[in-house]
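Just a sequence and a predicted model for now, questions to come.
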Amino acid sequence: MTKAGESRKGHDFDDVTGQIIGAAIEVHKELGPGFQEVVYQRALAFELQAAGIEFAREEKVPVFYKGKHIDTRRVDFVAGDCIVEIKARKELLPEDYVQTLSYLKASKYRLALLINFGGEKVEVRRLINELGKHGYSSS
């Protein structure tokens, strides 16, 4: 049995991830599949704002290599210590996971949500930066 805010694997998730997922479900319920990614991005920004979630859209996050800042990458959203990457595909592809995991690892953020609006149902994957373990998992 897991506690509120915890995944089945025992990871402690901030309440904001549940709110983001709820907002994504609302967007998909209203729009359905078939639009370009930017439409979902705008609609999700509307829902996040309506829910009172502090976020930044099209946020530049730093990329570190061996502790040195070497670049920046733009992610769809940042809310708290969570990166949110959105897609509008029939299904998520392996490269979607790789891209999001790379952003997560290189930026030192703790958590990412990879959200796909292109299918019949909204698809959400939580990706966790296991700080100090140099590993990642999804739930």
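Now that the structure is in, tell me what you want to look at. On a predicted model such as this, the values are computed, not experimentally measured, just so you know.

how far is the longest strand along the chain from where the chain is centred?
With DSSP state E setting the assignment, residue counts place strand 68-79 as the longest strand in the chain. In this view, strand 68-79 has its centroid 13 Å away from the chain centroid, taken as Cα atoms, centre = their mean, to the nearest Å.

What residues of that strand count as buried?
For strand 68-79, the neighbour count (16 or more other Cβ atoms under 10 Å) marks 75-79 as buried. Bear in mind the C-beta positions are built from the backbone N, C-alpha and C, glycine included.

Lowest-confidence entry in those?
Lowest model confidence among these falls on Ala79, which carries 91.

All the helices of this protein, residue numbers only.
In order along the chain, the chain carries the following helices (DSSP state H): 15-31, 37-50, 94-107.

Where among these is average confidence lowest?
Per-segment mean pLDDT for the helices of the chain reaches its minimum on helix 94-107, at a mean of 91.

Between strand 68-79 and that one, find me the angle.
Orientation check (axes from the mean of the first three to the mean of the last three Cα atoms, to 10 degrees): helix 94-107 against strand 68-79 gives 120 degrees.

So for helix 94-107, what gets flagged as buried?
In helix 94-107, counting by 16+ other Cβ under 10 Å, buried: 96-97, 99-101, 103-107.
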